[in-house]
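> Provided below are the primary sequence and the corresponding predicted coordinates.
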Amino acid sequence: MLLAGLLAGRAELQVGDAFPALGGAGLIGGDVPATTGKVVLVDFWASWCAPCKASFPSFTRLHQEYGASGLVIVAVSVDEKPAAYAAFVRKLNPPFTVLHDHQQKLVSTVKVPVMPTSYLLDRHGRVRFLHQGFHGKETEAELRRELATLLAEKE
Amino acid sequence: MKTKVLRNLVIMTLGVASGIAFTGCTTVKVQPWERATLADPTMRPDRDPLATAMYEHVYFSRESASGGRGVGGSGCGCN
């Protein structure tokens, strides 16, 4: 039982795994964007998480710079309180897609190790890079390098 | 015969009880996405600066020492 408990805690989504389909995850708050053949950045955030708030301006810049080249950003909130989610989105008004995992179904499947965690998926929907936490310019620079690699790959 | 059955029963009960206890210790965990309440400012033990200063003053007067409280407390555990 001890071993089973330890193993259960390690079933996190890893680099190389296929990311679960966003369409069937029960996300609300808007339409799930078309991601087929696109490079996708899926970010898990919450209104109570300070680094999550700090990450949104970076994601806005990335969306503006790489959106036309095939990058789709989907920011998934794990807030339990819909009002907190709505207030956060209203205040920051991000230009990329923001959805609400109101039942925490997707995040429980993915099992994010920390908040925030972002997954960079290649054009085939596989996790190629994983970012635990958000560390300002350092994380943004890493994302830029990784995006250059993924966007250069053919479908 | 009766003693043997009783002994087996006691061993089985202890086995099941310890199994349940171990499960309780290993699987109950607040997941990173469930920490909204922990991240609330009201969960901070030092949220009132005046009260903290008073406690520090009393502690210093009593122990002739201050600080050393570490960085424990609440939070979302982010980053």
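Structure's in. What do you need?

> hey, let's count contacts and neighbours off CA atoms from now on
Will do.

> Give me the below-cutoff pLDDT ranges for chain B.
Across chain B, the ranges flagged by pLDDT under 70 are B:1, B:22-28, B:69-74.

> any chance you could map the helices in chain A?
With DSSP state H as the criterion, chain A has helices at A:2-8, A:50-66, A:82-92, A:105-110, A:137-152.

> Those helices: which one's closest to A:Ile28?
The closest of the helices of chain A to A:Ile28 is helix A:82-92. By C-alpha to C-alpha, the value is 10.5 Å.

> Quick one: mean pLDDT over the closest one.
When pLDDT is averaged over helix A:82-92, the result is 96.

> which ones are touching the residue in chain A that chain B sits nearest to?
In chain A, the residue that lies nearest chain B is A:Gly133 (4.0 Å; C-alpha to the nearest C-alpha). Applying C-alpha atoms under 8 Å, 6 or more residues apart in numbering or on different chains, we find A:Gly133 in contact with A:Pro51, A:Val114, A:Met115, A:Pro116, A:Thr117, A:Ser118, B:Cys78, B:Asn79.

> which residues touch whatever residue of chain B ends up closest to chain A?
Closest approach between chain B and chain A, counting by C-alpha to the nearest C-alpha: B:Asn79, at 4.0 Å. Neighbouring residues of B:Asn79 by C-alpha under 8 Å, 6+ apart: A:Pro51, A:Val114, A:Met115, A:Pro116, A:Gln132, A:Gly133, A:Phe134, A:His135.

> Stretch A:147-155 - what's its average pLDDT?
For stretch A:147-155, the mean confidence score works out to 91.

> quick one: contacts of that stretch?
A:Gly37, A:Val39, A:Ser69, A:Gly70, A:Leu71, A:Asp122, A:Arg123, A:His124.

> what do you get for stretch A:42-57?
A:73-79, A:84-85, A:88, A:92, A:94, A:107, A:112, A:115-121, A:133-136, B:33, B:36, B:39-40, B:76, B:78-79.

> swap the cut-off to 7 Å and go again
A:73-79, A:84-85, A:88, A:115-120, A:134, A:136, B:36, B:39, B:76, B:78-79 (C-alpha atoms under 7 Å, 6 or more residues apart in numbering or on different chains).

> Using ChimeraX, define a selection of the buried residues within those.
In ChimeraX syntax, the buried subset of the contacts of stretch A:42-57 is picked out as below (16 or more other C-alpha atoms under 10 Å in any protein chain shown):
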select /A:73,74,75,76,77,78,79,85,88,115,116,117,118,119,120,134 /B:36,39,76,78,79
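
> Which of the contacts of stretch A:42-57 fall in strands?
Among these, the ones falling in strands (DSSP state E) are A:Ile73, A:Val74, A:Ala75, A:Val76, A:Ser77, A:Thr117, A:Ser118, A:Tyr119, A:Leu120.
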